[in-house]
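Asks: Sequence first, then the predicted structure:
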Amino acid sequence: MAKVALLIGVAEYKDSGLKPLPCAIKDVESMQRVLRNPELGNFNLVTTLLNPQRQEMEDTIYELFANSQKEDLVLFYFSGHGIIDQAGKFY
C-alpha cells in the first residue's frame, strides 16, 4: 500500500478580483512537513503545487487518482479561495 498526497496552495488570483491568500502557501508547507515526517504521516510521496496554472493543477489531480491503486491511501489537500456561484454552489 502506497501513501501518496497532493497538496495544492493557491495564494495568487491574478485578474480575478480575489484578494491574495499568503496563508495558503504556509498551509501547504506545514502539511507537507507533517506528511513527510516518518513519525507522523510517513507518506511515500508528497507532491506540492504552489500557485500552479489551471492546466497543471487539473493534470496533476487527474494523474494522482488515475495512478492510484484501490489499496493506496490517497490524500488531496487544497488551500485557497472558494467561491459561491449564482446558483449557490460552492467551488
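Replies: Noted; the coordinates are in hand. Numbering: from 1, shown residues only.
Asks: how about the longest helix along the chain: buried residues?
Replies: The longest helix of the chain (DSSP state H) is helix 22-36. Across helix 22-36, burial judged by 16 or more other C-beta atoms under 10 Å covers 24-25, 27-28, 31-32, 35. Glycine gets a C-beta too; all of them are placed from N, C-alpha and C.
Asks: Other residues contacting it?
Replies: Residues outside helix 22-36 that contact it (C-beta atoms under 8 Å, 6 or more residues apart in numbering): 5, 7-11, 40-41, 43, 46, 48, 50-51, 75, 77, 79-80.
Asks: As CSV, the buried residues of helix 22-36 with pLDDT and distance to Ser68 would be great.
Replies: Listed next are these as CSV, based on pLDDT from 0 to 100; distance: C-beta to C-beta, whole Å:
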residue, pLDDT, distance to Ser68
Ala24, 97, 24
Ile25, 97, 25
Asp27, 97, 23
Val28, 98, 20
Met31, 98, 19
Gln32, 98, 19
Leu35, 98, 16
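Asks: Check the burial of Val74 by counting its neighbours.
Replies: Neighbour count for Val74, taken as other C-beta atoms under 10 Å: 15.
Asks: in what helix or strand does it lie?
Replies: Using DSSP states H and E, Val74 falls within strand 73-79.
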